[in-house]
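Peer 1: Below is the structure, and that's it, no one-letter string:
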């Protein structure tokens, strides 16, 4: 299992945002300081108030609106599922910081939660996931640059 810890300045707002994305809240690990956001049986977010988060580190807590510390990416089963997830997040108070990225074999959109934590939702064509992006491009054509960042 993986537990990703992110900070929030408003726990109730964060719980509403993540449930709007289709997540559940595990009440056994949720109180006034933290909420356990369940993505699937193996992936959970612990959304922690700054006071609670500071118990786990001596470092300064970054302001996700000002600096990027991590980008959390989640695969979706279709481009439409990517769009539905991000659109729900924007409607629930999130922000889409950049346009959709379409690389032909992979489609993704970015989303900031209300606290500025960066999420990305992507769909990769099965052939590209199994054989690599070049195999997909060889069969389907180049379209956008097949390797992001190149």
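Peer 2: Arrived safely, thanks for sending. From a predicted model like this one, the values you see are computed outputs, not experimental measurements. Numbers count the residues shown, from 1 in each chain.
Peer 1: Who are the packing partners of the strand or helix carrying residue 16?
Peer 2: Using DSSP states H and E, residue 16 sits within helix 11-20. If you count contacts as 3 or more CB pairs under 8 Å, 6 or more residues apart in numbering; DSSP states H and E, helix 11-20 packs onto strand 24-26, strand 34-38, strand 43-49, helix 79-91. In short, each C-beta sits where N, CA and C put it, glycine included.
Peer 1: export those to TSV and tack on distance to residue 103?
Peer 2: Converted to TSV, the helices and strands packed on helix 11-20 look like this (distance: least, CB to CB, whole Å):
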stretch	distance to residue 103
strand 24-26	31
strand 34-38	28
strand 43-49	24
helix 79-91	12
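Peer 1: what sits against the nearest residue to residue 108 once chain neighbours are set aside?
Peer 2: Spatial nearest neighbour of residue 108, chain neighbours left out: residue 122 (3.6 Å); criterion: CB to CB, 6 or more residues apart in numbering. Contact analysis of residue 122 by CB atoms under 8 Å, 6 or more residues apart in numbering lists 73-76, 82, 106-109.
Peer 1: Mind checking which of these are buried?
Peer 2: Burial by neighbour count, 16 or more other CB atoms under 10 Å: within the contacts of residue 122 this picks out 74, 76, 82, 106-109.
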